[in-house]
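1. The sequence and its predicted three-dimensional model are supplied below.
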Amino acid sequence: MSISNVATGASALDQYQIDSDRFATGDELGKDQFLELLVAQMNNQDPLSPQENGEFIAQLAQFSTVEGIGNLNTSMESLLSGYQSSQALQASSMVGRTVIVPADQAVVDTEAGLEGQLALQQNSTNVFVNIYDQAGSLVKTINLGSQEAGMHDFTWDGTDASGNLAEPGIYTVEAMASIDGKNTQMATLLPANVDSVSIGAGSSGEMLLNVAGLGSISLSNVYAIK
């Protein structure tokens, strides 16, 4: 398509564009304006040809509908506000607790070790978990052997390949499985400590958990609470 054809097509569509100024906030017809129009129509109707009862009843029904929608919006806003407050109160009780979330990093107290889960998509003859430190160096490999598809637990005792206790800190967990002759990374669920909670921006106002080492995550992403 040539540039001239594009320009011609665009100009032809201009006549069908919606005038957004007509729909600016505050210009909507509310119930008060609707009532004023209805009263004005009744005051100025032709006395020789008054409005029929059916038309009058239809307009009253429209007015009731407009008023009902306004009341419904008010009720929904109040309900949403109450729900968000209840959700915030509920989420605040999670501060200081440990949640299980989809992640590949965790803050590990190596003396206590680390417990996690991996989601195995298919049966595998060789499943293993690699633990990396913040520098990206491999600390230890945990061999799980042959496993069937499903969720599987794994545990790291906090030691390196030589059996020495590693330093506490943030570690990356990489779960791998041999599938169809190729090593494929699997999703992992790891523990995280909740430091605080906050309400997300926007109309949704979703609860966010601020967890150590991961930042903010949605409350809906929490798999379990310990």
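-> Sure thing, it's come through. Numbers count the residues shown, from 1 in each chain.

2. Which helix or which strand is home to Val39?
-> Counting by DSSP states H and E, the element that carries Val39 is helix 31-43.

3. what bits of this structure have low per-residue confidence?
-> Residues of the chain that meet the criterion pLDDT under 70 lie in 1-35, 37-38, 41-42, 45-64, 66-68, 79-85, 87-88, 90-91, 200-205.

4. those strands in it, which residues are they?
-> Taking DSSP state E as the criterion, the chain carries its strands at 98-102, 105-108, 114-120, 124-132, 138-147, 150-156, 169-179, 182-199, 207-211, 215-218, 224-225.

5. Listing partners with orientation, what would you give for the last one?
-> In the sheet containing strand 224-225, the strands it pairs with under DSSP bridges are strand 98-102 (antiparallel).

6. could you dump the strand it pairs with to PDB, C-alpha only?
-> These are the backbone C-alpha positions of strand 98-102, laid out as PDB (Å, rounded to 0.1, in the frame of the first residue of the first chain):
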ATOM      1  CA  THR A  98       6.800 -17.000  56.300                       C
ATOM      2  CA  VAL A  99       5.000 -17.400  53.000                       C
ATOM      3  CA  ILE A 100       5.600 -19.900  50.200                       C
ATOM      4  CA  VAL A 101       5.800 -18.100  46.800                       C
ATOM      5  CA  PRO A 102       6.800 -18.900  43.200                       C
END
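
7. Could you figure out how far it is turned away from strand 114-120?
-> Compare the direction of strand 98-102 with that of strand 114-120 by axes from the mean of the first three to the mean of the last three Cα atoms, to 10 degrees and you get 30 degrees.
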